[in-house]
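Peer 1: Kindly generate the corresponding structure for this input.
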Amino acid sequence: MHPRVQDIVGYGWVFPKKKHVNIGICELKPIGSQSECKTNLKEVYKNYFKLLKKSKIIPNDLEIGRLRGGALPLYPLEKTYSDRVLLCGDAGGFINPVSGEGIYFAMSSGKIAAGLIGEALEAGETSELFLSRYQRIWKNDFGRDIKLLLRSTKKKSKDNEKFLKIVGSDEKLADMTLGVLQGRFSIHDYRWKLISRYLYAYFKELFSRS
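Peer 2: Modelled structure (predicted):
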């Protein structure tokens, strides 16, 4: 039996480029999950490709090109600075461990690094000791968000399915959740609003069934 697109928890994308189209899929799994059978992502990708054609998102004559895969880093590097070096974005392992999105953290880390580099050049000091402030700053900025998001990746898949079902039933909660995943909102700042809205949506859905 071939795995379908609906059989995995994750997302897909279609990015038009100048001379080609970047099409891909991502499977999300909780940390420490041990499934007896591994997903055949190549088969899922082929089915996703067919689905895109059926939905008229891509042309029918488009062929699958070279396939490449990889794993997303879930944790930032233990050390993101050295003599004359600051690591930003993907290089520092700054991605959203839930969605794989990294633009927000890349821009935030780049802004922090630029500010510190300006200070370093002005002071004529680019040593590891001076640049070590970079790690403290990003940890106090978006590092708290990554830490909270990492906790959610340790949930069991059944718990994640329940969560997604509740989120999908409430438009406001869905918008808030997407805002966090896209980097529009800080999960650290929004956590209590998310929790209260989730509880509201949970009981609303529960009472609608009774």
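
Peer 1: Helices of the chain, start to end?
Peer 2: 41-54, 103-123, 128-131, 133-138, 144-152, 157-168, 171-182, 187-209 (DSSP state H).

Peer 1: could these be laid out in CSV, adding mean neighbour count and distance to residue 26?
Peer 2: (C-beta placed from N, C-alpha, C; glycine too.) CSV is the format used below for these (neighbours: other Cβ atoms under 10 Å; distance: least, Cβ to Cβ, whole Å):
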stretch, mean neighbour count, distance to residue 26
helix 41-54, 16, 9
helix 103-123, 16, 15
helix 128-131, 15, 33
helix 133-138, 18, 24
helix 144-152, 17, 15
helix 157-168, 14, 14
helix 171-182, 17, 12
helix 187-209, 13, 20
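
Peer 1: Between these, which has the poorest mean confidence score?
Peer 2: Of all these, the minimum mean pLDDT falls on helix 157-168 (a mean of 68).

Peer 1: I'd say residue 11 and residue 26 touch.
Peer 2: Yes: applying Cβ atoms under 8 Å, one finds residue 11 in contact with residue 26, separated by 5.6 Å.

Peer 1: Distance to residue 84 added to the helices of the chain, as CSV?
Peer 2: Shown next, in CSV, are the helices of the chain (distance: least, Cβ to Cβ, whole Å):
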stretch, distance to residue 84
helix 41-54, 39
helix 103-123, 9
helix 128-131, 8
helix 133-138, 12
helix 144-152, 25
helix 157-168, 42
helix 171-182, 33
helix 187-209, 31
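
Peer 1: Which stretch among those approaches residue 92 most closely?
Peer 2: Comparing the helices of the chain by their distance to residue 92 (Cβ to Cβ), the top pick is helix 103-123, with 6.1 Å.
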